[in-house]
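Enquirer: how would this look folded up:
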Amino acid sequence: MKENLKKSLLLDIIPIICIMVAGEISILQWRIGVVPPILTGILAVGIIAHLRGKKLNEIEDAMGNGLKKVFPALLTVILVGMIVSSWIIGGIIPTMVYWGFKIIDFNNFIPIVMVVTSIVAIITGTSFTSIGTIGVSFIIIAKQVGIPLEITAGAIVSGAFLGDKMSPLSDTTNISAALGKTDLFEHIKYMMIDTVPAFILSVIAFKIVGNNIKVENIDMSNINSFLTELNGAFNVSPILLVVPLVIIILGIKKVPSNIVLFLSVILGVVSSFIFQNFETADIMKSVIVGVHQKFNDPAVTKLFSRGGIGEVSSTVITIIFIGCLVGIINDCNSFDNLLNKIQDSIKGSKQLTVMVFAVSLGIGFITGAQLLAIILPITIFLPLFEKFGLKNKNITRIVEATGTVGITLVPWSVPGVFIAGTLGVEMSKVIPFLFFPIFVLAINLLLNITGIGVSKIGEEKSIKRRVLAFNIFEK
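Expert: Residues are numbered from 1 along each chain as shown. Next up, the predicted model:
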């Protein structure tokens, strides 16, 4: 009986259906977030693993292993929460907001947001830190002048994940290249085939959307009054801009991301002691639980009441549940029948690249785990690429588009939950404005279906032979 259950394709599909149905009800109808579909997935996969012979303690161990896999993401989220609060109480984010108002062109605000965020993300190698620092600053500016937050968030996320995809310091970029047995910089160079056109199209789209936002009637007297209050609540010295500059330099120097994150918190705390006038207890409390200072201007109080471990606690809980789901799927071989069936059905190179695209996107949709959407497809399909005469960098490009970037379109994914919590937006409203992820996926799908730009084994040798023959002919 258990042998039949182990081979049942239907049992592989049931958890997928459960997650999709629970997600539709919870997110779109009840609007209570992403935890219910994840818990539904854990329950469904756990029951099926038990029916297939896994003992309860084995399932618990699998969940523990899953938590180990998501621990880096947990640590990053917690540190980013502390960076936000320490950079607020230290006056760094208020300074960025203050000078942002002074120099930014509001007629091109939305495309500027994407470009600046992408530069910061490429340099630092992390989308989460970019969103939690420069992204939060842009959200505060947008909120103050009445620019829609969901559009601003779309530009922030588009820029941040472009950087995450293309930075040589990014963990996902390094993991994709390493697992795909491809040189890191060859991998990055090859990804330009989808990144460059997607970036250009995204900037154009954000420019068009931004042109329809009425910002020409901004009351500068209100803005100036806000800036005066901001300067009274914090010391907004330009010297504080040295802190993000130091973080950028550390990124260029390829300092490990966790060290950069810890140092970011420390620099925020040090700045609060040197440049601000808060009590020591208030500083430490703000860094840990979030900024809850009362300022003379209610607008300043409301805008800067954020950050700390408290603000990211719901994100942390969600990631823990995602880790449990990932662990059961990994260690209990929950989808082996389905994946083997898919692998056996592939008969050609175009079908292979399209299948990798679909499986990676599907894994991201089901589990919400960025790394799983990268690791599993490479593990399953990499041996087939040589068989069909394709270079390994094809698969690394595809999983970066789907697993690194495309997963932002999944509200219950780790990035989706983090974005919603950090920027204070509803992901279902942001997704239509995630132009870069949408364009990257569309371009990749087009490349895979048509075979355009797909790198094949032997192409370079063939080109070299033609060049050599041409030179000999000329001589």
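Enquirer: Tyr110 contacts Ile208, correct?
Expert: No Tyr there; residue 110 is Ile. No - Ile110 lies out of contact with Ile208 (CB atoms under 8 Å); the separation is 9.4 Å. In this view, the C-beta of every residue, glycine as well, is placed from N, C-alpha and C.
Enquirer: quick one: which of the two has more around it?
Expert: Of the pair Ile110 and Ile208, Ile110 is the one with more neighbours under other CB atoms under 10 Å, namely 30 against 12.
Enquirer: how close does that one sit to Ile141?
Expert: According to CB to CB, to the nearest Å, Ile110 and Ile141 sit 11 Å apart.
Enquirer: what residues are shared contacts of those two?
Expert: Counting by CB atoms under 8 Å, 6 or more residues apart in numbering, the contacts common to Ile110 and Ile141 are Ile147.
Enquirer: any idea which helix or strand comes after the host helix or strand of Val116?
Expert: Here Val116 is covered by helix 109-124, with elements defined by DSSP states H and E. For helix 109-124, the succeeding helix or strand toward the C-terminus, using DSSP H and E, is helix 127-130.
Enquirer: contacts for that next one?
Expert: 76-77, 80, 83, 117, 120-121, 124, 156-157, 159-161, 163-164, 170, 247, 257, 260-261, 264, 415, 418, 422.
Enquirer: gap between it and the chain center?
Expert: Mean-position distance between helix 127-130 and its chain equals 8 Å (CA atoms, centre = their mean, to the nearest Å).
Enquirer: Give me the next element, helix or strand, following that helix.
Expert: Following helix 127-130 toward the C-terminus (DSSP H and E): helix 136-145.
Enquirer: Return that following helix as CSV; C-alpha atoms alone will do.
Expert: Taking Å, rounded to 0.1, in the frame of the first residue of the first chain, the C-alpha atoms of helix 136-145 are listed here in CSV:
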residue,chain,number,x,y,z
VAL,A,136,12.6,53.3,3.3
SER,A,137,13.8,56.9,2.6
PHE,A,138,12.1,56.9,-0.7
ILE,A,139,8.8,55.6,0.8
ILE,A,140,8.9,58.4,3.5
ILE,A,141,9.4,61.0,0.8
ALA,A,142,6.6,59.6,-1.4
LYS,A,143,4.3,59.5,1.6
GLN,A,144,4.9,63.1,2.5
VAL,A,145,4.2,64.4,-1.1
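Enquirer: average model confidence for the following helix or strand past that helix?
Expert: Counting by DSSP H and E, the next helix or strand C-terminal to helix 136-145 is helix 149-166. The pLDDT scores in helix 149-166 average 93.
Enquirer: other SSEs contacting helix 149-166?
Expert: Secondary-structure packing of helix 149-166 (3 or more CB pairs under 8 Å, 6 or more residues apart in numbering; DSSP states H and E): helix 109-124, helix 127-130, helix 136-145, helix 171-179, helix 184-211, helix 414-423, helix 427-430, helix 435-450.
Enquirer: Out of those, which gets the lowest mean score?
Expert: Lowest mean pLDDT within those: helix 171-179, at a mean of 78.
Enquirer: So what's the residue count around the nearest residue to Phe273 once chain neighbours are set aside?
Expert: Among residues not flanking Phe273 along the chain, Ile283 sits closest, at 6.9 Å (CB to CB, 6 or more residues apart in numbering). Per other CB under 10 Å, the neighbour tally for Ile283 reads 22.
Enquirer: so what's Ile283 scoring on pLDDT?
Expert: 92.
Enquirer: Assess the claim that it and Ile89 are in contact.
Expert: Yes - if you go by CB under 8 Å, Ile283 and Ile89 touch, sitting 5.6 Å apart.
Enquirer: what do the two both touch?
Expert: Taking CB under 8 Å, 6+ apart as the criterion, Ile283 and Ile89 both touch 272, 276.
Enquirer: what residue is smack in the middle of this structure?
Expert: Pro415 (4.5 Å; CA atoms, centre = their mean).
Enquirer: What separation is there between it and Ile319?
Expert: 10 Å.
Enquirer: before we move on, what about Val209?
Expert: For Val209, the distance to Ile319 - CB to CB - is 31 Å.
Enquirer: So these two - more neighbours on which side?
Expert: Neighbours were counted for Val209 and for Ile319 using other CB under 10 Å; Ile319 has more, 26 against 18.
Enquirer: Give me the pLDDT for the more buried one.
Expert: Value for Ile319, per-residue pLDDT: 78.
Enquirer: right, and it touches Leu74 too?
Expert: Yes - at 5.4 Å, Ile319 counts as touching Leu74 under the criterion of CB under 8 Å.
Enquirer: Can you name the element that comes right after the helix of greatest length in the chain?
Expert: Ranked by number of residues, the top helix in the chain under DSSP state H is helix 56-89. Using DSSP H and E, the helix or strand that follows helix 56-89 towards the C-terminus is helix 92-103.
Enquirer: relative to helix 56-89, how tilted is that following helix?
Expert: Counting by axes from the mean of the first three to the mean of the last three CA atoms, to 10 degrees, helix 92-103 lies at 50 degrees to helix 56-89.
Enquirer: Report the distance from helix 92-103 to the chain centre.
Expert: For helix 92-103, the distance to the chain centre is 25 Å (CA atoms, centre = their mean).
Enquirer: In the chain, where is pLDDT below threshold?
Expert: Residue ranges of the chain with pLDDT under 70: 1-4, 27-28, 31, 33-34, 123-124, 169, 215-222, 299, 459-475.
Enquirer: packing partners for the host helix or strand of Asn330?
Expert: Assigned by DSSP H and E, Asn330 belongs to helix 308-331. On a contact count with 3+ CB pairs under 8 Å, 6+ apart, helix 308-331 meets helix 35-51, helix 56-89, helix 280-289, helix 349-367, helix 370-387, helix 414-423.
Enquirer: As PDB, could you dump the C-alpha coordinates of the fourth one?
Expert: The C-alpha trace of helix 349-367 is given here as PDB (Å, rounded to 0.1, in the frame of the first residue of the first chain):
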ATOM      1  CA  SER A 349      16.600  21.800 -26.000                       C
ATOM      2  CA  LYS A 350      13.800  24.400 -26.200                       C
ATOM      3  CA  GLN A 351      11.500  22.200 -24.200                       C
ATOM      4  CA  LEU A 352      14.300  21.800 -21.600                       C
ATOM      5  CA  THR A 353      14.800  25.600 -21.100                       C
ATOM      6  CA  VAL A 354      11.000  26.200 -20.900                       C
ATOM      7  CA  MET A 355      10.600  23.400 -18.400                       C
ATOM      8  CA  VAL A 356      13.400  24.800 -16.200                       C
ATOM      9  CA  PHE A 357      11.700  28.200 -16.300                       C
ATOM     10  CA  ALA A 358       8.300  26.700 -15.400                       C
ATOM     11  CA  VAL A 359       9.600  24.400 -12.600                       C
ATOM     12  CA  SER A 360      11.700  27.100 -11.000                       C
ATOM     13  CA  LEU A 361       8.800  29.500 -11.100                       C
ATOM     14  CA  GLY A 362       6.500  26.800  -9.800                       C
ATOM     15  CA  ILE A 363       8.800  26.000  -6.900                       C
ATOM     16  CA  GLY A 364       9.000  29.600  -6.000                       C
ATOM     17  CA  PHE A 365       5.200  29.900  -6.100                       C
ATOM     18  CA  ILE A 366       4.600  26.800  -4.000                       C
ATOM     19  CA  THR A 367       7.300  27.300  -1.300                       C
END
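Enquirer: Fine, thanks again, bye for now.
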